[in-house]
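**Q** What shape does this take:
(chains A and B)
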There are 2 protein chains.
Amino acid sequence: MWVEPFPDFHPSNPLFLCILANTETAKIPGISAAGKSPELTDYTPAADAELVETGNPISINEPAMTPSGAPSPAVLTRASMLLTGMPCFFINAGLRVRPKIPTIDLDSKPGGNIRTGYAVSDVMATYHKSVELGKKLSKFTDLVIIGESVPGGTTTAMGVMQALGYDGKVSSSFSDNPLGLKERVILEGMKKAGIIFGSLTRQPMRAIECLGDPMMAAAAGLVDGLNTKVVLAGGTQMVSVLSIIKSLGLKRDVSIATTKYVAFDTTANFENMTRLLGYQAFVADPGFRNSKFKGLHMYENGDVKEGVGAGGAMFAAAMCGFSQKKFLEKAEEVCYNIFKN
Amino acid sequence: MWVEPFPDFHPSNPLFLCILANTETAKIPGISAAGKSPELTDYTPAADAELVETGNPISINEPAMTPSGAPSPAVLTRASMLLTGMPCFFINAGLRVRPKIPTIDLDSKPGGNIRTGYAVSDVMATYHKSVELGKKLSKFTDLVIIGESVPGGTTTAMGVMQALGYDGKVSSSFSDNPLGLKERVILEGMKKAGIIFGSLTRQPMRAIECLGDPMMAAAAGLVDGLNTKVVLAGGTQMVSVLSIIKSLGLKRDVSIATTKYVAFDTTANFENMTRLLGYQAFVADPGFRNSKFKGLHMYENGDVKEGVGAGGAMFAAAMCGFSQKKFLEKAEEVCYNIFKN
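**A** Prediction:
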C-alpha cells in the first residue's frame, strides 16, 4: 500500500480545506525554503492556492518552486483534487497577499515574528470564527481533510510544542534542517514572553499567542466546530495542532496524514509525537523515485517534503481507490503543464 | 399562504448565500437609505452579515436601522436562518469594510460611481471566479438561495436594465423613491460611457462594467456555475440579474423571491419585469401589520422593503413549513434582542 495504513474510510461528501497564513517569522533569513527569498514568502500561500485551483500560480511570476528547484507541494495537492474530484476550499487565516481565487476569509491578521514573544493577535477571535465555520461546514460533509500553507510554520510549530512541554522536533522545507536557528529564535521569543519549556501546558491559546501562527488557531477551532471525521494533512506543523487539541481537551475523531518524507525525517520525530499524543497517523509514499521529473526526484533527497496538505491529498487519492502509479502520473502531468514553458 | 405561490420545493441540502459589495454610487446624496449617512453605507453590508450571523452588528456602533428608524432587513434573514437551521455564507464581491465573521472572498474590488460611466473593474474575472465557486458548491447542495446587500444597488440595477433595453423601474429603501435622481445619475453615466438605452442588449458584461455593481457579476457567475435549483432573493436588484442571465442566454433552473413591499411597489415594476423576462416569482408577506414593533410596522409604509435576501429568507421559512405567525414571532424576537438596550 502506498498509504499506510490503508485509509479504509468511506465518506459520502469529503471536503478538502487548506488554511493559509503569513508570518514575519518566515522572513528570518534561513528559516523557510517556501519562497525564492524570505520576503517572497508573503506570496507563497496565495500562489499555492492558485496553483491547486487553476494549475498555475497567478500572484507570482516565478515558477512555483523552492530555491533549490523542487516544485511546490501544491502540485501534489492539485494532482489529488483532479483525480478525486474532491472540492477544495482555501481559508485565509491572516494573509498579506490574497489569492486571486475565491477563498474563505476569517478576517484575521497575519502573524508577527516569534522572536518578539508576541506572535499572533486575536487568537480567541480566530478560534471562535473557525468554530462557527466548522459547525456550518458540518452540514455538508462527513469527512474533512485540513492542510496548510504557512511559510516558516515549522518554527512556530516547534515553539508551541515546547511551550506545551513537548520536545517536538520539527521537519523543514530545506533538505538541511536549520534546527539550531529555530531553537535560537524560539528561545529568544520565550525569553521575551516570559515563558519556559512546558510553562503553558494548560494554556494552548496563550502558547499560540506567544510563539505560534494564525493557522493553528484556525485549525484547532475548525476541529472543535466540525462534527465530522477530521484528517489533519501535514507534517510536524499539524502535530503541533494535535498538541493544541490535546491540551484543550477536545474529544474529536481526528487523525493525521503526512508524506514519508516527513515521517522518516530523522531530524524530526513525527511518529514518536503522534504516538505520544495518541492520534492515528497515515503515511503516504508518492513513489517519486520512479519519476522522470528531476524536481519530483528532489523530494526523495529531502527537499520540500510536505505542505499544502500534500500528504492528506495522497491519503484522499488512496481512499478514493487510486494507485500510487495513477497518482504519480497525475502529479507529473501537473508538473508538465506548469513547467513546459 | 404567506408566500405565493407556495414554495413546493423539497431540497435535501439547501444553502443560503448573500453577496456583499460596496460602490461609490451609494455615496451620491439621496440615493440610498441603507446606512445612517451616505458615507456610512460602506459599513452596511458588513454590519448586515454580522447581524445575520451573530444577532448584532459588530463593525458599527449605530443600531442596525435606516435613518427613519426601520430595522435592517438582515433581521428578517436572521429570523429565517434561526427557524430553518439553513447554513448561510456571505460572499465578499468587493467590500471596503470586511465583516468580522468568516466570508467567502472573491478578491474583487468595490464598485465605482456610475456617473463616471465606469462602474466595475474586472467584471469577467469576478464572473469566472463565481462560476468556479458555483461549480464547487454544487457538490454540497441541491437548492441555493442568493441574496445581496449592496447599498445604492437599485440605481445600478436600473442602469443595467436600461443598457440592456428594459424599462426596469426599480424600488427603493426610502419610502419616497428618488427615481428622478436615479434617472439623472444613469443618464450621466450613459453619456460618459457613450451608450444609450438598449445599446448593450447583447453585451451584459459591458453593461455591468459601465453602469452596474460587482454583485451582478458574482450573482450571474454563480447561476452559471451552479448545477442546482437557484432562487434569487431580492427585489428589482435581482430582476436586473435575471435580465443579465437572460441576455447571456444561460438556461438554468432559476426563480426569484421577494417581499410584497417590492412586488406591490407601484413606483417599480417587479411583476411586469419578471413576467416579461419569463422567470417564476415568489412573493412573501411577513405579516408586519400585526407586529407590536413600530420598526417592523414601518415596512408596511414602504420603508426598507427588501434586502439581505429577506424575501428569499421568507421563501425558505415557508418552504420548511413555518407559518407567517412563527416567522413574525422569530423576527420580533431578533428585533427585541438587538434593540432592547
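
**Q** contacting residues for residue A:140?
**A** Contacts for residue A:140 (C-beta atoms under 8 Å, 6 or more residues apart in numbering or on different chains) come out as A:13, A:15, B:13, B:15, B:87, B:140, B:141. (Each C-beta comes from the backbone N, C-alpha and C, glycine too.)

**Q** Name the nearest of the residues you listed relative to residue B:126.
**A** Nearest to residue B:126 among the contacts of residue A:140: residue B:15, at 20.0 Å, using C-beta to C-beta.

**Q** what's the closest non-adjacent residue to the closest one?
**A** Leaving aside its chain neighbours, residue B:15 sits nearest to residue B:141 (4.1 Å; criterion: C-beta to C-beta, 6 or more residues apart in numbering or on different chains).

**Q** In the stretch 1-150 of chain A, what residue spans correspond to helices?
**A** A:44-54, A:74-84, A:123-137 (DSSP state H, counting those that start in this stretch).

**Q** So for residue B:216, which of these sits nearest?
**A** Comparing the helices of the stretch 1-150 of chain A against residue B:216 with C-beta to C-beta, the closest turns out to be helix A:44-54 (23.2 Å).

**Q** Can you give me the distance of residue A:120 to chain B?
**A** In this view, residue A:120 and chain B are 17 Å apart by C-beta to the nearest C-beta, to the nearest Å.

**Q** Please report the number of neighbouring residues for that residue.
**A** When neighbours are counted by other C-beta atoms under 10 Å in any protein chain shown, residue A:120 registers 29.

**Q** looking at it, it is touching residue A:212, isn't it?
**A** Yes: Residue A:120 lies in contact with residue A:212 (C-beta atoms under 8 Å); the separation is 5.6 Å.

**Q** what sits against residue A:107?
**A** By C-beta under 8 Å, 6+ apart, the residues touching residue A:107 are A:129, B:98, B:99, B:100, B:101, B:102, B:103.

**Q** for stretch A:175-193, what is the average pLDDT?
**A** Mean per-residue pLDDT for stretch A:175-193: 95.

**Q** now stretch A:143-162
**A** Summarised as a single mean, pLDDT over stretch A:143-162 is 97.

**Q** Give me the distance between that stretch and the centre of its chain.
**A** Centroid separation for stretch A:143-162 versus its chain: 5 Å, with C-alpha atoms, centre = their mean, to the nearest Å.

**Q** Hmm, residue A:4 and residue A:318 touching each other?
**A** No: applying C-beta under 8 Å, one finds residue A:318 not in contact with residue A:4, separated by 9.4 Å.

**Q** between these two, who's got more neighbours?
**A** residue A:318 (25 against 14).

**Q** one step back: quick check: neighbours shared by residue A:318 and residue A:4?
**A** Common neighbours of residue A:318 and residue A:4, using C-beta under 8 Å, 6+ apart, do not exist here.

**Q** re the thing from before, for the residue nearest to residue B:15, give its distance to residue B:304.
**A** Per C-beta to C-beta, to the nearest Å, residue B:141 is found 28 Å from residue B:304.

**Q** for residue A:25, same thing?
**A** Distance from residue A:25 to residue B:304, by C-beta to C-beta: 48 Å.

**Q** Contact residues of chain A facing chain B?
**A** In this structure, chain A approaches chain B at residues A:13, A:15, A:53, A:87-89, A:92, A:98-107, A:125, A:129-130, A:132-133, A:136, A:139-141, judged by C-beta under 8 Å from any C-beta of the partner chain.
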